[in-house]
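In: Quick one, what's the 3D model for this:
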Amino acid sequence: MGGMGTALAADGTRIAYQLEGEGSPLVLLAGQANSHRWWDPVREDFGGRRTITLDWRGTGDSDRPDVVYSTEGFADDVIAVLDDAGIEDADVYGTSMGGRVAQWVAAKYPERVRRLVLGCTSPGKKHGYERGQEIRRALAQADQAGRDSILLDLMYTPSWLATHPGPYYVLGDSTMPTYARGRHLVASNNHDAWDELPKIKSPTLILHGADDLFSPAANAELLASRIPDARAHVIPGARHAYSHEYQAIASQLVRDFLATPH
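Out: Numbers count the residues shown, from 1 in each chain. Okay, the predicted model is just below:
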């Protein structure tokens, strides 16, 4: 069963969300400056479940207020979506900035999160392992084609790109205004859930690509050491978009984890 809805956040911002399928609910949270389309290549891997995605404020069909965004605030938006959809609790799977948001969802609203999957993410700049300055400078360039080329190299291996001409769903929402992209960047860069991670009560699986330079793989074990009931799995050869390029491996790991009795 599919459908779309609009939740009202605490500040009045309208958050668009999408529902597909039936069964146990699974929330899928996208990366920075991306809409729900981030999940298009792999959403069907979770058939037999009711998947819930949303367009972050500033993206897709959601409102785009020019105000301060934060990963903690995005987490509140996720809860507004669950409330609007009438979902009491759900499994939550977030990748990249979505993984940062998922940390807050699980820490602030433990009764709403059954199991937690954190993909290619970090506890934040104060304690996490951050990408190098060279990558930061390259991604800050004004030329969009140049940025996209660098991003694709960070997301996928050259051999995969050579045989997969696109479209690519990880380069950001092209309809976003410039100010909203900036708001997303600041929100992700300012993320710091370190003190909250030990409060997470959900069984947690942490996934990461071994060759991820966008969010270094050392973050996986760091998160696993900080979250009480967590284990990490690093996928050899994978870069930041492990969930897509290594879809068969990653989606199976997630399905197995979510199906395991606790």
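In: Neighbours of D89, how many?
Out: 15 (other CB atoms under 10 Å). (Glycine included, C-beta is placed from N, CA and C.)
In: correct me, but it touches P110?
Out: No: in this structure D89 lies outside contact range of P110 using CB atoms under 8 Å: 9.6 Å.
In: pretty sure D63 contacts A7?
Out: No: D63 lies out of contact with A7 (CB under 8 Å); the separation is 10.9 Å.
In: of the two, who's got more company?
Out: A7 (20 against 16).
In: Tell me which residues touch G124, please.
Out: 100, 190-194 (CB atoms under 8 Å, 6 or more residues apart in numbering).
In: Ramachandran angles for L205?
Out: Main-chain dihedrals, L205, degrees, to the nearest 10: phi -110, psi 130.
In: Name the helix or strand for A250, please.
Out: Element membership for A250 (DSSP states H and E) is helix 247-259.
In: Show me what that helix is packed up against.
Out: Judged by 3 or more CB pairs under 8 Å, 6 or more residues apart in numbering; DSSP states H and E, helix 247-259 is in contact with strand 113-119, strand 204-209, strand 230-235, helix 242-245.
In: Note down every partner strand of the second one and its orientation.
Out: Right, strand 204-209. Using DSSP bridges, the strands paired with strand 204-209 are strand 113-119 (parallel), strand 230-235 (parallel).
In: quick one: contacts of that strand?
Out: For strand 204-209, the surrounding residues in contact (CB under 8 Å, 6+ apart) are 106, 115-120, 215, 217, 219-220, 223-224, 227, 229-235, 237-243, 246, 250, 253-254, 257.
In: Thought W104 was touching K199, still the case?
Out: No: between K199 and W104 there is no contact under CB under 8 Å: 10.6 Å.
In: Of those two, which one has the most company?
Out: Higher neighbour count among K199 and W104: W104, with 23 against 13, using other CB under 10 Å.
In: Helices along this protein, start to end?
Out: 71-85, 97-108, 133-139, 144-155, 158-163, 178-189, 218-226, 242-245, 247-259 (DSSP state H).
In: who touches both of D63 and A7?
Out: Shared contacts of D63 and A7, counting by CB under 8 Å, 6+ apart, come down to 14-15.
In: how about A217, what does it touch?
Out: Residues counted as contacts of A217 (CB under 8 Å, 6+ apart) are 208-211, 234.
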